[in-house]
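K.L.:
Structure of the sequence below:
(one chain, ligands or ions: 1)
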Amino acid sequence: MAGLSCGIALAEAGWRVRLYEKRPHLGGRAASYTLPDGTEIDNCQHVTLGCCTNLDDFYGRVGAREKIRFFDYLAFADASGRISRMRAAALPAPLHLALAFVRLGGLRAGEKWAIARALNEILRSGGRPSDARGITMLEWLERRRQPAGAIANFWRLVLVSALDEELDRAEAQYGIDVFWKSFLVNRAGFRMGVPAAPLGELYEGCRKALERRGGEIRTRARVARFRIEQERVGALAFEDGNEEIADAYVAAVPHGALLEMLPAELVEREPVFGNLRRLQASPITGVHLWYDRTVTEEPFLALMGLESQWIFNKTALLNPAPAPPNESAKQYLQVVISASYDLVSESRQEIIERARKEMELVLPAAREAQVVKATVVKETAATFSPAPGVDQWRPESQSPIGQLFLAGDWTRTGWPATMEGAVRSGYLAAQAVLNLAGQHRTFLQPDLPAEGFVHLWS
Ligand SMILES: Cc1cc2nc3c(=O)[nH]c(=O)nc-3n(C[C@H](O)[C@H](O)[C@H](O)COP(=O)(O)OP(=O)(O)OC[C@H]3O[C@@H](n4cnc5c(N)ncnc54)[C@H](O)[C@@H]3O)c2cc1C
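P.N.:
A predicted model of the protein is given here:
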């Protein structure tokens, strides 16, 4: 998405863009593909939020905005299957969710009071508490004496999936940003957007947008390396010996792939590149389950106190509903487990079994139902880990090498590894390319504005 958003922005500014993608399909870590038996799946459910203003702008530019379905509530289920919903009241932020929070199930009154105190502190500091950098979210919460139930059933519930990291490994500022941007600053921030089409369909407009300006997308085209001459890029080189020469080069690959494309001596000498080795990866596991009957009517559920964090009802969410993989399949659920370190070495069968048992806890109808097909997608390097201090290793778009620009969710966007972060990085790289050519254009979209009450509070 970093490469696509950068390419679209540069094409709009009149540049001829050629985009090389090593896979047969677009979308990178947010992609859909077809299994050997013909079933089409997303590598994992991807969601956006109202606060993801750049992602929304990108979808708008490529004609995909109407394929995102937004929900005005969040639905939570506890381990006994009790479901509660958080819906905004007709009040400006930060009061819009206050009533829903008071009514939310799964938390004791004392836990809610402690959470409210911590949220109030985030508000009063304008989202920037003085001690949130360089410590973990768990340390920050412990300093605020958050009870164990509040941590497990509220803070962890929201943050592990938003950051793809455990609270004792993620920097506090990253966690606080999630609450500030999505729940506190503007009433639209928390609205959850779920694609109503396979992810691959969201990128259909990209090819045309580049071609209109004389550019093109080449898939199954793996770039081998950058040929560097006198601190500038001389050319892009391919395995077959072919080369491509351009006015500017944007590397929008994962940081590990970038290091392989650069001369080893340059990586050793240049800290901007060498420090990328300090970024750690964290995993996400997606479990895809097809049942022989309908086991839930809910489009999605966030799960409290379980290993599985989200259930997405793909049969209800996709429009049209996806073709069933076989005659007995009636409902397709996708279960998401972020920061799934414990599952990396587990067998696929074991992972399916664990997810199936949790579905039976939360969805009573699943107890009688048969799983007629299941598959697991383990992404061991799903995102970079937002560890304390990680921002110092994240580079700006302009690299120390002439004409070489960097894009990717791992660059210095201020956001964790998300589609929003990837699109921001793409827009920032496009702006940097244009700046160097003496063209000045802004693609980066502003955040949602703080509503009046938020100013009063802070
Ligand atoms: C399982 C999972 C679930 C997620 N859920 C969410 C979610 O719900 N919401 C959200 O906002 N984010 C989510 N994310 C994060 C999001 O997918 C990423 O942050 C985002 O897609 C990263 O985009 P990118 O362009 O920076 O990198 P990538 O998507 O990794 O793109 C890099 C591209 O470079 C290509 N490439 C690599 N090497 C070469 C080469 N040598 N030559 C040519 N091409 C090459 C790759 O094939 C790839 O297409 C999730 C990620 C995963 C893995």
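
K.L.:
where along the stretch 301-450 of the chain do the helices fall?
P.N.:
314-317, 348-362, 419-436 (DSSP state H, counting those that start in this stretch).

K.L.:
just the ones you listed: most buried one?
P.N.:
Of those, the one with the most neighbours on average (mean count of other Cβ atoms under 10 Å) is helix 419-436, at a mean of 26. Any C-beta I mention is one placed from the backbone N, CA and C, and that applies to glycine too.

K.L.:
so what secondary structure elements neighbour it?
P.N.:
Helix 419-436 is packed against helix 2-12, helix 53-61, strand 249-251, strand 404-406, with contacts defined by 3 or more Cβ pairs under 8 Å, 6 or more residues apart in numbering; DSSP states H and E.

K.L.:
same thing but 6 Å
P.N.:
Packed against helix 419-436 by the contact rule (3 or more Cβ pairs under 6 Å, 6 or more residues apart in numbering; DSSP states H and E) you find helix 2-12, helix 53-61, strand 404-406.

K.L.:
Return the list of helices and strands in contact with the second one.
P.N.:
Okay, so that is helix 53-61. Using 3+ Cβ pairs under 6 Å, 6+ apart: helix 53-61 touches helix 419-436.

K.L.:
Other residues contacting the helix it packs on?
P.N.:
1-2, 5-6, 9-10, 13, 30, 52, 54-55, 58, 248, 250, 397-398, 405, 407-409, 411, 413, 415, 441, 443-444 (Cβ atoms under 6 Å, 6 or more residues apart in numbering).

K.L.:
returning to that earlier point: nearest to Arg144 among the helices of the stretch 301-450 of the chain would be which one?
P.N.:
The closest of the helices of the stretch 301-450 of the chain to Arg144 is helix 419-436. By Cβ to Cβ, the value is 26.9 Å.

K.L.:
So for the next helix or strand after that closest one, what gets flagged as buried?
P.N.:
Going down the chain from helix 419-436, the next helix or strand is helix 452-457, by DSSP states H and E. Going by neighbour count (16 or more other Cβ atoms under 10 Å), the buried part of helix 452-457 is Phe453, Val454, Trp457.

K.L.:
Are we agreed that Arg117 is in a strand?
P.N.:
No. Arg117 is assigned helix when assessed by DSSP: H, G, I helix; E, B strand; the rest coil, not a strand.

K.L.:
Please name the nearest non-neighbouring residue to it.
P.N.:
Distances taken as Cβ to Cβ, 6 or more residues apart in numbering put Arg144 closest to Arg117, at 6.8 Å, once the chain neighbours are dropped.

K.L.:
follow-up on the earlier one: quick one: closest of the helices and strands packed on helix 419-436 to Arg103.
P.N.:
helix 53-61 (29.4 Å).

K.L.:
Next, count neighbours for Tyr73.
P.N.:
12 (other Cβ atoms under 10 Å).

K.L.:
hmm, I was thinking of Gly134
P.N.:
Using other Cβ under 10 Å: Gly134 sits among 11 other residues.

K.L.:
Now do Gly426, the pLDDT please.
P.N.:
Here, the pLDDT recorded for Gly426 equals 99.

K.L.:
What sits closest to it if chain neighbours are left out?
P.N.:
Ser5 (3.1 Å).

K.L.:
Good, wrapping up.
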